[in-house]
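K.L.:
Any chance you could fold what I've pasted below:
(one chain, ligands or ions: 2)
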Amino acid sequence: MAMNAETARTFYKTHVGPQEVGKVYRSGYWGELYTVLAIHYGDDEAAKAIGWRSWWAITVVGNDERVRMHCTAWDPDRDAAHPEICPCLHPRADHTADSRGHDDCPHCRCPRLDID
Ligand SMILES: [Zn+2]
Ligand SMILES: [Zn+2]
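P.N.:
Ligands and ions are numbered 1, 2, ... in the order given. Have a look, this model is predicted:
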């Protein structure tokens, strides 16, 4: 059965869990933080992203700056949201207090962050 983006978005909501583009989560499986770069729904979008047929897929980047694409479902027992971490994967608290913008991260220049 082919699934268009709209149907897949609804159908795979539990697979994607609370994940949103530009936010940070910890994978229980990898044991590391990552930033969500994109979520792809439906046969066409997912195939474009990961190179094979899947009804949904997600693109993330971790601390090693490697961009990964996968279609592993969110696991509420092991995976967790980390809103206190900036998408650059450094603590928001370390960023300059008045703006909290990525450019003010003392650890990096956040080159990957043109997502929000
Ligand atoms: Zn940052
Ligand atoms: Zn940073």
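
K.L.:
from here on, contacts and neighbour counts on C-alpha atoms
P.N.:
Noted.

K.L.:
On the three-state scheme, Glu45 is what?
P.N.:
When classified by DSSP: H, G, I helix; E, B strand; the rest coil, Glu45 comes out as helix.

K.L.:
What is the burial count for it?
P.N.:
19 (other Cα atoms under 10 Å).

K.L.:
One more: Asp44?
P.N.:
Per other Cα under 10 Å, the neighbour tally for Asp44 reads 19.

K.L.:
count of residues packed around the nearest residue to Trp56 once chain neighbours are set aside?
P.N.:
The shortest distance from Trp56 to any residue other than its chain neighbours is 4.4 Å, reached at Tyr41 (Cα to Cα, 6 or more residues apart in numbering). Residues within reach of Tyr41, counting by other Cα under 10 Å, total 26.

K.L.:
which residues touch Tyr41?
P.N.:
For Tyr41, the contacting residues are 4-6, 8-9, 55-57, by Cα atoms under 8 Å, 6 or more residues apart in numbering.

K.L.:
Over to Gly42?
P.N.:
3-9, 54-56.
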